[in-house]
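> Have a look at this fold, sequence not included:
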């Protein structure tokens, strides 16, 4: 049995007003090595709306979702471990190789463990997918993220392609994108071009005419088919962005265009003037105009306060924070079934 408590923070109280907010919960863990008890924040629900070319979703939660980590020995609980695995696991996390990784991200350490713990044929890709997420966790493009991307790309492109193995297809695509972000465009082109479009240009069966797995597989191949040409265009343009305007959701792209405009970039990319991207950009511009108009018309509340008075010392943000803290005085708890 484990105890789950709603983790109501000030930021959550504010964000929960939207339908797309995640729902934080506190989960109590006991470390399988050493027995240390600790609390980890997870989410009971989340919403996503598309992703970047490296697979990182846009959504209402932190991505990648944080992994539980034993505070003292730094064991990352990326999965449940069986009793018979604990002796090997204890030796691994006590090794000099693992302790040297304490400064790396939890997902990178999880990938290191999975490479050594998950050796069955059906588990052979676990370590790579965790390594891909380590790259997300190391945002933005720092030396560490570059190191993770390079390691991922080298290992992923070494996986033999098989048209009926979706893991191999997606790993090759993600490897090509990693080389692009690293600025190694010829390697990126080679990886992406190795995906045969004729093998991915499939029709998704109608619902009821095929199994759900067959539909899912066809949709995955169709997705890759539709990504190849835009990715090759980025490579041709020597674009290294993790969030290229042409390959992220239109809403996110519109806000990126707005940010570029605010930074003084001119002209904006052509994609900023098209479809839903242009609509979001105009929405952002209108929101800015309304904010500026409101600021121009609203007097400063501090003007009516003596300099040494209480009202001069307290702002509206402090009042909101105090109200939130009052709501947090009594935690809401519930106990989940085993």
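Received, thanks. This structure is a prediction, so every number in the text was calculated from the model and none was measured. Numbers count the residues shown, from 1 in each chain.
> Quickly find the element holding residue 28.
Assessed by DSSP states H and E, residue 28 sits inside strand 24-30.
> That strand packs against which elements?
When contacts are defined as 3 or more C-beta pairs under 8 Å, 6 or more residues apart in numbering; DSSP states H and E, strand 24-30 sits against strand 3-6, strand 37-43. Any C-beta I mention is one placed from the backbone N, CA and C, and that applies to glycine too.
> So which bits of it are buried?
Neighbour-count burial for strand 24-30, with 16 or more other C-beta atoms under 10 Å as criterion, is recorded at 24-27.
> Name the strands paired with that strand and say parallel or antiparallel.
Next to strand 24-30 in the sheet, as set by DSSP bridges, lie strand 3-6 (antiparallel), strand 37-43 (antiparallel).
> Lowest mean pLDDT across these, which one is that?
The weakest mean pLDDT among the strands paired with strand 24-30 belongs to strand 3-6, with a mean of 40.
> Residue 25 and residue 45: what is the separation?
Between residue 25 and residue 45 the computed distance is 10 Å (C-beta to C-beta, to the nearest Å).
> repeat for residue 51
As for residue 51, its distance to residue 45 is 18 Å (criterion: C-beta to C-beta).
> So for these two, which sits in the more crowded spot?
Set side by side, residue 51 and residue 45 show more neighbours around residue 51, with 16 against 12, by other C-beta atoms under 10 Å.
> Tell me if I am right that residue 53 is in a strand.
No: going by DSSP: H, G, I helix; E, B strand; the rest coil, the assignment for residue 53 is coil, not a strand.
> quick one, what contacts the closest residue to residue 75 other than its chain neighbours?
Ranked by C-beta to C-beta, 6 or more residues apart in numbering and with sequence neighbours excluded, the top spatial neighbour of residue 75 is residue 93, at 5.0 Å. The contact partners of residue 93, by C-beta atoms under 8 Å, 6 or more residues apart in numbering, come to 33, 73-75, 99, 113.
> The chain: helices as residue ranges?
With DSSP state H as the definition, the chain shows helices at residue ranges 10-15, 86-94, 96-99, 106-117, 126-137, 143-157, 166-181, 185-193, 197-200, 212-236, 250-262, 275-297, 310-313, 316-327.
> average pLDDT for the last one?
In this model, helix 316-327 carries a mean pLDDT of 37.
> Just put the buried residues of strand 24-30 in a markdown table and tack on distance to residue 294 and pLDDT.
What follows is the buried residues of strand 24-30, written out as a markdown table (distance: C-beta to C-beta, whole Å; pLDDT from 0 to 100):
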| residue | distance to residue 294 | pLDDT |
| --- | --- | --- |
| 24 | 31 | 92 |
| 25 | 37 | 94 |
| 26 | 38 | 95 |
| 27 | 42 | 96 |
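> So which residues make contact with stretch 105-124?
64, 66-67, 69, 74, 76, 78, 81, 85, 88-89, 92-93, 97-98, 101-102, 126-128, 130-131, 133-134, 136-138, 144, 148.
> So what's the gap between it and the chain middle?
For stretch 105-124, the gap between its own C-alpha mean and the chain's C-alpha mean amounts to 19 Å (C-alpha atoms, centre = their mean, to the nearest Å).
> same question, stretch 41-59
The chain centroid and the centroid of stretch 41-59 are separated by 6 Å under C-alpha atoms, centre = their mean.
> Need the distance between the two termini of it.
17 Å (C-alpha to C-alpha, to the nearest Å).
> How about residues contacting that stretch?
7, 19-20, 22-27, 60-61, 63-66, 132, 135-136, 139, 174, 177-178, 180-181, 227, 231, 234, 242-244, 247-249, 251-252.
> Mind listing what's buried along it?
Buried positions in stretch 41-59, judged by neighbour count with 16+ other C-beta under 10 Å: 42-43, 46, 51-59.
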